[in-house]
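Peer 1: let's see this in three dimensions:
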Amino acid sequence: MMYPAPPQPGEPIQAPAEPPFAHTPPVDSPRRRWVLWLVLAVVVVVGTAAGAAGYVLTRTEPLAMAVGDCVSGAEIPVEYGCDDERATYRIVARESAQWPFGIICMKYADATRAVLDPKPEKSNPAAALCLSPTRANTTDPGALLAGDCIDAKKGGETIVRMTCGTPATTLDVVGIEIHARIPVTDQACKAHAATRTAVAQVSLGGRVIVVCARPIASSTSMSGSEVGDCAAETTMTVAPCDQPGVRHRILSVRTQHVEPVSPECPDDGNVNAVFVDTGATTDLRVVVCMGPANTDHLGYGQPGDCLIGFGAAGSAPPALVDCADPAANATVTEVHRGPGAECPRPVGASGSFTMKPGATTGLAVCYVPL
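Peer 2: Numbers count the residues shown, from 1 in each chain. A predicted model of the protein is given here:
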């Protein structure tokens, strides 16, 4: 390229008509346009991926095995819908997993089990699930309600909820209580007056679920007997009063939380037998006081009652009879109770029936001929 000659002295400088290094616009080739579109596409893809990753990291997902969800009772629980019969427990709380992790769930009164979340990577940090039994659970006593029917064995080692009326049913549930330890020594089932038996089962953290119950109506258990029922002497079971071998009639039934001591039946005079049901795992005691099965026994007499058989040969005492009976030939004059109970010295013909202190405090029934 040729350049213009330098100016001579005194000659004015003129700009060249065209700059020596004039800019030449780039050639807009198809290849260049393809590269630009590729770069733009990469930027869009990277930006979209970054946005998606941010969404995944920050969005709120429904937590698996959350409070209120239902699971199976297996050691490694499986989540089911709460209306599924396999959903035997409901999650009542999630707590940070600590050892022993069952202890941290004891603050929830209805929790009877604690298990570790089987997928800790999804809960982060690992969690303990505090579980309460659902009504689909027939073997956890924590699921029982008053009015349920159960079959209980070995003092509560096994407790199974049954359909009421089925042959295997043995007890009607009166109520459920939570106690600190087994054996229960702090007055089990005191708040449930209808209780006649208490069965206990160790639950979460060593605390105890006590099922307050009573034998079903058709039971022959003495614990379920009522005043006026009769009992067979050899088997000590409730039986029809006219059945052979029946010797006793129920005079009273009570519950208490200490071992009964003599006299076990201080409020019942004509007592000839006592039955005490002592549970193996609770302090509940059922005391059944019994007298002779025949209601005409002289020991049941009250002043003014009439008797038949006074003066008859033999050792049998007179028997109670309706005063309208023409065969009545004696009347009860006095009844005394207590350790020294006795009838006054007879003046003329008279008689008495006495029972020494034992199960009762003592009894004396006095009578004279009509």
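Peer 1: might one say that residue 321 is in contact with residue 306?
Peer 2: Yes - with contact defined as CB atoms under 8 Å, residue 321 and residue 306 form a contacting pair (5.5 Å). C-beta here means a position set from N, CA and C on the backbone, and glycine is covered the same way.
Peer 1: more neighbours, those two?
Peer 2: Under the criterion of other CB atoms under 10 Å, the comparison of residue 321 against residue 306 puts residue 306 first, with 22 against 17.
Peer 1: is the more buried one in contact with residue 325, as I believe?
Peer 2: Yes - Residue 306 lies in contact with residue 325 (CB under 8 Å); the separation is 7.2 Å.
Peer 1: joint contacts of residue 321 and residue 306?
Peer 2: Counting by CB atoms under 8 Å, 6 or more residues apart in numbering, the shared contacts of residue 321 and residue 306 are residue 328.
Peer 1: pLDDT weak spots in this protein?
Peer 2: Along the chain, segments meeting pLDDT under 70 span 1-63, 120-125, 347.
Peer 1: contact partners for residue 283?
Peer 2: Contacts for residue 283 (CB under 8 Å, 6+ apart) come out as 183-188, 257-258.
Peer 1: ditto for residue 157
Peer 2: Neighbour list for residue 157: residue 201 [criterion: CB under 8 Å, 6+ apart].
Peer 1: got the phi/psi numbers for it?
Peer 2: Phi and psi for residue 157, reported as degrees, to the nearest 10, are phi -60, psi -40.
Peer 1: and it, how far from residue 136?
Peer 2: Distance, residue 157 to residue 136, by CB to CB, to the nearest Å: 22 Å.
Peer 1: equivalent analysis for residue 114, please.
Peer 2: Using CB to CB, residue 114 is found at 19 Å from residue 136.
Peer 1: could you do residue 163 as well?
Peer 2: Distance from residue 163 to residue 136, by CB to CB: 14 Å.
Peer 1: neighbour-wise, which of those two wins?
Peer 2: Taking neighbours as other CB under 10 Å, residue 163 and residue 136 compare with residue 136 leading, 19 against 9.
Peer 1: ok, that one - contacts?
Peer 2: For residue 136, the contact set (CB under 8 Å, 6+ apart) comprises 84-88.
Peer 1: that's a strand at it, yeah?
Peer 2: No - under DSSP: H, G, I helix; E, B strand; the rest coil, residue 136 falls outside any strand and is assigned coil.
Peer 1: how about residue 128: what's its closest non-neighbour residue?
Peer 2: Nearest residue to residue 128 in three dimensions, chain neighbours excluded: residue 101, at 4.0 Å (CB to CB, 6 or more residues apart in numbering).
Peer 1: what is the neighbour count of that neighbour?
Peer 2: Counted by other CB under 10 Å, the residues lying close to residue 101 total 18.
Peer 1: isn't it right next to residue 127, touching?
Peer 2: No - the pair residue 101 / residue 127 is not scored as a contact, 9.0 Å apart, by CB under 8 Å.
Peer 1: could you tell me which residues touch both of those two?
Peer 2: By CB under 8 Å, 6+ apart, residue 101 and residue 127 have these common neighbours: 95, 116.
Peer 1: so which residues of the stretch 151-300 of the chain form strands?
Peer 2: With strands called from DSSP state E, counting those that start in this stretch, the stretch 151-300 of the chain shows them at 158-162, 171-179, 197-202, 208-215, 230-232, 238-239, 246-256, 273-278, 285-292.
Peer 1: I'd like those strands laid out as CSV, including distance to residue 300 and mean neighbour count.
Peer 2: Formatted as CSV, the strands of the stretch 151-300 of the chain follow (distance: least, CB to CB, whole Å; neighbours: other CB atoms under 10 Å):
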stretch, distance to residue 300, mean neighbour count
strand 158-162, 40, 17
strand 171-179, 32, 20
strand 197-202, 29, 24
strand 208-215, 27, 24
strand 230-232, 14, 21
strand 238-239, 20, 22
strand 246-256, 9, 19
strand 273-278, 15, 16
strand 285-292, 7, 23
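Peer 1: now distance to residue 267 too, for the ones you listed, in CSV please.
Peer 2: Formatted as CSV, those follow (distance: least, CB to CB, whole Å):
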stretch, distance to residue 267
strand 158-162, 34
strand 171-179, 24
strand 197-202, 22
strand 208-215, 22
strand 230-232, 19
strand 238-239, 21
strand 246-256, 7
strand 273-278, 13
strand 285-292, 8
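Peer 1: which residues touch residue 68?
Peer 2: Counting by CB under 8 Å, 6+ apart, residue 68 makes contact with 90-91.
Peer 1: try 7 Å this time
Peer 2: residue 91 (CB atoms under 7 Å, 6 or more residues apart in numbering).
Peer 1: so it: helix, strand or coil?
Peer 2: The assignment at residue 68 comes out as coil when based on three-state DSSP.
Peer 1: how near is it to residue 94?
Peer 2: Separation of residue 68 from residue 94 (CB to CB): 10 Å.
Peer 1: just residue 143 next, same as before
Peer 2: Distance from residue 143 to residue 94, counting by CB to CB: 21 Å.
Peer 1: now the helices: where do they sit in the protein?
Peer 2: Here the chain has its helices, by DSSP state H, at 30-58, 120-123.
Peer 1: in CSV, list the contacts of residue 283 along with distance to residue 240.
Peer 2: CSV is the format used below for the contacts of residue 283 (distance: CB to CB, whole Å):
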residue, distance to residue 240
183, 36
184, 35
185, 38
186, 39
187, 35
188, 32
257, 32
258, 33
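Peer 1: show the buried residues in those.
Peer 2: If you count burial by 16 or more other CB atoms under 10 Å, the buried members of these come out as 184, 188.
Peer 1: rewinding a little: most neighbours among the contacts of residue 136, please name it.
Peer 2: Using other CB under 10 Å as the neighbour test, the contacts of residue 136 are led by residue 88, with 24 neighbours.
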